[in-house]
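Novice: This is a predicted model, with the sequence first.
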Amino acid sequence: MPQSTSTELIRAARERFNLAIAEKNSKGIRPLLAPTYHLVTGRSDQFHGADEEEIRWATLFQNDPTAVYRRTPREITTNEDWGIAEELGNWQGSYTIKNILIHASGVYAAKWQRTQNGKWVLQTEVFTTLTCEGPCDPPDSI
């Protein structure tokens, strides 16, 4: 059986993340994240830590069963010697606020790192919202 390439392994991990979101499975998200995972959302909110991220997803799934997001990689570039990779892609999502369904989409960048046992985990993700339909709140001013 041929070995999977790093790009294939990262794409498979991304698909597991998408599936965990679709199935509202926050416990399925946690193993895909490095302990020091950092997130910048499409609204520019920031969160840090894999444990916190699992709790954030669990809370979202409980409070808004309509919430769903999908990330679609366009490009994955790896540094095999260092065991790091960059993923660039597009995302789309929908969620409900005050009984109004909102649709948002944009682009993202993700940094992956290979663990000692060969598993790829997310170190950081940065999302930028490019479109939002519904009562969308822009990021807080800086």
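Specialist: Alright, I've got the coordinates. Numbering: from 1, shown residues only.
Novice: Tell me the buried residues in stretch 95-115?
Specialist: 95, 102, 104-105, 108, 110-114 (16 or more other CB atoms under 10 Å). For glycine as for every other residue, the C-beta is placed from the backbone atoms N, C-alpha and C.
Novice: try stretch 132-142
Specialist: Going by neighbour count (16+ other CB under 10 Å), the buried part of stretch 132-142 is C132.
Novice: As CSV, could you dump the C-alpha coordinates of stretch 122-137?
Specialist: Provided in CSV are the C-alpha atoms of stretch 122-137 (Å, rounded to 0.1, in the frame of the first residue of the first chain):
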residue,chain,number,x,y,z
LEU,A,122,-3.4,22.8,13.0
GLN,A,123,-1.3,25.4,14.7
THR,A,124,-3.2,28.4,13.6
GLU,A,125,-6.1,29.5,11.4
VAL,A,126,-6.9,33.0,10.1
PHE,A,127,-10.3,33.6,8.5
THR,A,128,-11.3,36.7,6.5
THR,A,129,-14.9,37.4,5.8
LEU,A,130,-15.5,38.7,2.3
THR,A,131,-19.3,38.4,2.0
CYS,A,132,-22.0,38.3,4.6
GLU,A,133,-25.8,38.2,3.9
GLY,A,134,-28.1,39.0,6.8
PRO,A,135,-27.7,41.1,9.9
CYS,A,136,-23.9,40.9,10.0
ASP,A,137,-21.8,42.6,12.6
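Novice: ok so, going back, for the buried residues of stretch 95-115, name the two members farthest from one another.
Specialist: I102 and R114 (35.7 Å; CB to CB).
Novice: So which residues of the chain form strands?
Specialist: Along the chain, counting by DSSP state E, strands occupy 33-40, 46-48, 68-79, 84-97, 100-114, 120-133.
Novice: Pull the distance from stretch 12-31 to the chain's centre.
Specialist: Put simply, stretch 12-31 sits 9 Å off its chain's centre (CA atoms, centre = their mean, to the nearest Å).
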